[in-house]
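Visitor: here are the coordinates; sequence isn't available:
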């Protein structure tokens, strides 16, 4: 597991975990069930505190970082 506490700088914490023999299940808007059981997987989770969500969390989570867009958008707060 890798965890980065970016609360002071960006307003969120990110956790990255990897594993084996995963199971994911989701339902779409029409009620169809989607299931996936990958041999290996990576989960990325974000946590935002309520007190920093508006000021820091949303702007930084929605920003496009250099090189992350195929259209070449390069905005950064």
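Guide: The structure has been received and is ready for your questions. Since this is a predicted model, take the numbers as computed values, not measurements. Residues are numbered from 1 along each chain as shown.
Visitor: quick one: least confident helix or strand in the protein?
Guide: helix 58-62 (a mean of 60; mean pLDDT, DSSP states H and E).
Visitor: how about the helices in the chain?
Guide: Here the chain has its helices, by DSSP state H, at 7-10, 50-52, 58-62.
Visitor: elements contacting the first one?
Guide: Looking back up the chat, that one is helix 7-10. Contacting helix 7-10 under the criterion 3 or more CB pairs under 8 Å, 6 or more residues apart in numbering; DSSP states H and E is no other helix or strand. Bear in mind the C-beta positions are built from the backbone N, C-alpha and C, glycine included.
Visitor: pLDDT on that helix, on average?
Guide: Mean pLDDT, helix 7-10: 78.
Visitor: Pull out the buried residues from that helix.
Guide: 7, 10 (16 or more other CB atoms under 10 Å).
Visitor: For the protein, which residues score under the pLDDT cut-off?
Guide: The chain contains residues with pLDDT under 70 at 52-77.
Visitor: which residues in it form strands?
Guide: For the chain, the strands defined by DSSP state E cover 2-6, 12-20, 24-27, 33-36, 40-47.
Visitor: Just put those in JSON lines and tack on mean neighbour count.
Guide: As requested, the strands of the chain are exported to JSON lines (neighbours: other CB atoms under 10 Å):
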{"stretch": "strand 2-6", "mean neighbour count": "12"}
{"stretch": "strand 12-20", "mean neighbour count": "13"}
{"stretch": "strand 24-27", "mean neighbour count": "10"}
{"stretch": "strand 33-36", "mean neighbour count": "9"}
{"stretch": "strand 40-47", "mean neighbour count": "11"}
